[in-house]
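Colleague: Quick one, fold the following:
(2 chains)
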Amino acid sequence: MMNNSPAVAAHDLRVRRGGRPVLHDLSFTVPAGTVVGLLGPSGCGKSTLLRCLVGVQVIESGTVQLLGQPAGSPQLRRTVGYVTQAPSVYADLSVRENLRYFAAILDAPAGDVERVVTEVGLGSHADVVVAELSGGQAARVSLAAALLGSPRVLVLDEPTVGLDPVLRRDLWTLFHGLAAAGTTVIVSSHVMDEASRCERLLLMRDGRLLADETPSDLLARTGCGDVESAFLSLVEAQEVPA
Amino acid sequence: MSVRATMATARRVLSQLRHDHRTLALLLVVPCVLITLLAWVFHGTPTFDRIGAPLLGVFPFVVMFLVTSVATLRERTSGTLERLLTMPIGKLDLLVGYALAFGALAVLQAALASALSLFVLGLDVAGPAWLLVVVAVLDAVLGMATGLLVSAFAATEFQAVQFMPAVVLPQFLLCGLLVPRASMDGVLYAISNALPLSYAVDAMREVTTRSGVAAAVWGDLAVVAAAVVLALGLGAATLRRQTP
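Modeller: Take a look at the predicted model:
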């Protein structure tokens, strides 16, 4: 169904936090079944934008729709998976106990807990208490919880930060596998190298979008060899208006 | 309300306690130690018989208040609350799940402390022993509901712990345990009438002084139960799906 309608549509989205504008009238769409990278330096508003997508952020004006429904509406609570930057799981429970709890809340099918444990590569740690895991492992428990119930949109805030390169590659393979099966995956990162792994990019700086296109279109448009230089050239172009 | 989400939450909270042996031991042992100390301090005087039973209600109230306010605050600061509120779970499912888990623990705690008081420390109670446990459990649930509500106003665990003296001690001073409520200054009496712990202590006093089940006990318990519902309702209102 709805294959040609976008998975995410934001229109003139404006957010203020603590009296300070954080997002300035953002408008963009995300096609369904793609892996989209939301890239930008730390503090540019990435997390706030992701919070808007899952409907937990109070917005000042504008609209955000996911799968044709307003962000945060009750119909989306089973179909949108969300991973915050800090692992939001219970540190005093084992991996499996955490996932069983979230699976029960989502009414996920039996066997889903074992599936997601394997998908994030924690099979051998399923009965370990989260507090005893490394930071990267705890982050993967948080990711596993978001995969429960096979959501149609995944919103992931810096899921690959601090991970070993092999794991990072495996997670990107997982994201592309999910996208091939129709899931829309939105991944934020402040590491520009991750851009090459995305099908589309949203480049952000100071609460504004610098680019919304495919990595190859971005490089062709700016005439740069990598996304980091493209980012710099876009910032310079903005600061010195021609 | 979803029974599935509520029961899953209660199970999850109990699993967390099961992993934390020290907290579990403190929850069960501390009231027993305190009541033993009380019996010892007032050995040979009628005071233990007068205040022993009301304190059997106050200890679980205090302990549950502390445990719940810190547990809920952790839920808020760790991001698990934000995650849960993006999922198909009602706010009341979450709160009632907490209430069931801590309520089950309160049954165990009250049964232990009451059995110790009645059978070892020689507490004289005119009414039935089961009623003592019922009142103590309801007091524990009141402490839990108040802790849930108060945790919304604490940004750190330091603040949450400070709310204990702020919320619990005034109620303790005015509940009639130190000075009978009827002989208090009019203003204080009026305030004590508005505080739920006063009714919890009144109910305990009814159980200790009258044989059988006095109608007044049910009246007092109804007030405590209403305070629990009110605190849970207000607590639910402080759980926001959207935050600035």
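
Colleague: give the contact list for residue B:82.
Modeller: Residues in contact with residue B:82, defined by CB atoms under 8 Å, 6 or more residues apart in numbering or on different chains, are A:56, A:84, A:88, B:243. Heads up, the C-betas are built off the backbone N, CA and C, glycines and all.

Colleague: and the helix-or-strand element of chain A with minimal mean pLDDT, what does it pack onto?
Modeller: Scoring the helices and strands of chain A by mean pLDDT, DSSP states H and E places helix A:227-239 at the bottom, with a mean of 89. For helix A:227-239, the elements it packs on are strand A:200-205, strand A:208-213, helix A:215-222, judged by 3 or more CB pairs under 8 Å, 6 or more residues apart in numbering or on different chains; DSSP states H and E.

Colleague: Now do the second one against helix A:215-222, angle only.
Modeller: So the one you mean is strand A:208-213. Angle, strand A:208-213 to helix A:215-222, by axes from the mean of the first three to the mean of the last three CA atoms, to 10 degrees: 110 degrees.

Colleague: how about strand A:208-213: buried residues?
Modeller: Going by neighbour count (16 or more other CB atoms under 10 Å in any protein chain shown), the buried part of strand A:208-213 is A:209, A:210, A:211, A:212.

Colleague: contacting residues for the first one?
Modeller: Neighbouring residues of residue A:209 by CB under 8 Å, 6+ apart: A:26, A:28, A:202, A:203.

Colleague: same thing but at 10 Å, please
Modeller: When contacts are counted by CB atoms under 10 Å, 6 or more residues apart in numbering or on different chains, residue A:209 touches A:10, A:23-28, A:38, A:40, A:45, A:49, A:201-203.

Colleague: do the second one as well
Modeller: Residue A:210 is in contact with A:39-40, A:44, A:201-204, A:218, A:230-231, A:233-235, A:237-238, counting by CB under 10 Å, 6+ apart.

Colleague: Recalculate using a threshold of 8 Å.
Modeller: A:40, A:203, A:204, A:231, A:234, A:235, A:238.

Colleague: Can you tell me the closest non-neighbouring residue to the last one?
Modeller: If I follow you right, that is residue A:238. Distances taken as CB to CB, 6 or more residues apart in numbering or on different chains put residue A:210 closest to residue A:238, at 7.3 Å, once the chain neighbours are dropped.

Colleague: cool, residue A:157 as well?
Modeller: That would be residue A:85: by CB to CB, 6+ apart, it lies 4.5 Å from residue A:157.

Colleague: Correct me if wrong: that neighbour contacts residue A:156.
Modeller: No - between residue A:85 and residue A:156 there is no contact under CB atoms under 8 Å: 9.6 Å.

Colleague: who's more crowded, these two?
Modeller: When neighbours are counted by other CB atoms under 10 Å in any protein chain shown, residue A:156 comes out ahead of the other of residue A:85 and residue A:156, with 23 against 17.

Colleague: mind listing the helices in chain A by residue range?
Modeller: A:46-54, A:95-106, A:112-119, A:135-147, A:165-180, A:215-222, A:227-239 (DSSP state H).

Colleague: For residue A:80, which of the ones you listed is the nearest?
Modeller: Nearest to residue A:80, of all the helices of chain A, is helix A:46-54, at 5.9 Å by CB to CB.

Colleague: Check which helices and strands the closest one sits against.
Modeller: Helices and strands touching helix A:46-54, as assessed by 3+ CB pairs under 8 Å, 6+ apart, comprise strand A:8-17, strand A:20-30, strand A:35-39, strand A:61-66, strand A:80-83, strand A:153-157, strand A:184-189.

Colleague: list the buried ones in the strand or helix carrying residue B:168?
Modeller: Secondary structure assigned from DSSP states H and E places residue B:168 in helix B:157-174. Across helix B:157-174, burial judged by 16+ other CB under 10 Å covers B:160, B:163, B:164, B:167, B:168, B:171, B:172, B:174.

Colleague: What residues sit buried inside stretch A:77-88?
Modeller: Within stretch A:77-88, the residues scored as buried using 16+ other CB under 10 Å are A:77, A:78, A:79, A:80, A:81, A:82, A:83, A:84, A:85, A:87, A:88.

Colleague: Any idea how far apart the tips of that stretch sit?
Modeller: Counting by CA to CA, to the nearest Å, you get 17 Å between the two ends of stretch A:77-88.

Colleague: ok, residues contacting it?
Modeller: Stretch A:77-88 is contacted by residues A:47, A:50, A:53-54, A:66-67, A:106-107, A:130, A:135, A:138-139, A:141-143, A:145-149, A:151-159, A:161, B:78-80, B:82-83, B:86-88 when judged by CB under 8 Å, 6+ apart.

Colleague: farthest-separated two in the buried residues of strand A:208-213?
Modeller: Going by CB to CB, the pair spanning the buried residues of strand A:208-213 furthest: A:210 and A:212, at 8.6 Å.

Colleague: anything in contact with each of these two?
Modeller: By the contact definition CB under 8 Å, 6+ apart, residue A:210 and residue A:212 are jointly contacted by residue A:203.

Colleague: For chain B, what lies in contact range of chain A?
Modeller: Proximity of chain B to chain A, by CB under 8 Å from any CB of the partner chain, involves residues B:4-5, B:8-9, B:11-12, B:15-16, B:19-20, B:78-80, B:82-89, B:241-244.

Colleague: Could you give me the ChimeraX syntax to select whichever of the residues you listed are buried?
Modeller: Filtering the residues of chain B next to chain A down to the buried ones (16+ other CB under 10 Å) takes a single ChimeraX command:
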select /B:5,8,9,11,12,15,16,19,78,79,80,82,83,84,85,86,87,88,89
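
Colleague: can you tell me which residues contact the closest residue to residue A:198 other than its chain neighbours?
Modeller: The shortest distance from residue A:198 to any non-neighbouring residue, by CB to CB, 6+ apart, is to residue A:37 (3.4 Å). Contacts here follow CB under 8 Å, 6+ apart; on that basis residue A:37 touches A:187, A:188, A:189, A:194, A:195, A:197, A:198, A:200, A:201, A:202.

Colleague: ok, so of these, who is nearest chain B?
Modeller: The closest of those to chain B turns out to be residue A:188 (CB to the nearest CB; 15.3 Å).

Colleague: Now do that closest one: how many residues are near it, please.
Modeller: Residue A:188: 26 neighbours (other CB under 10 Å).
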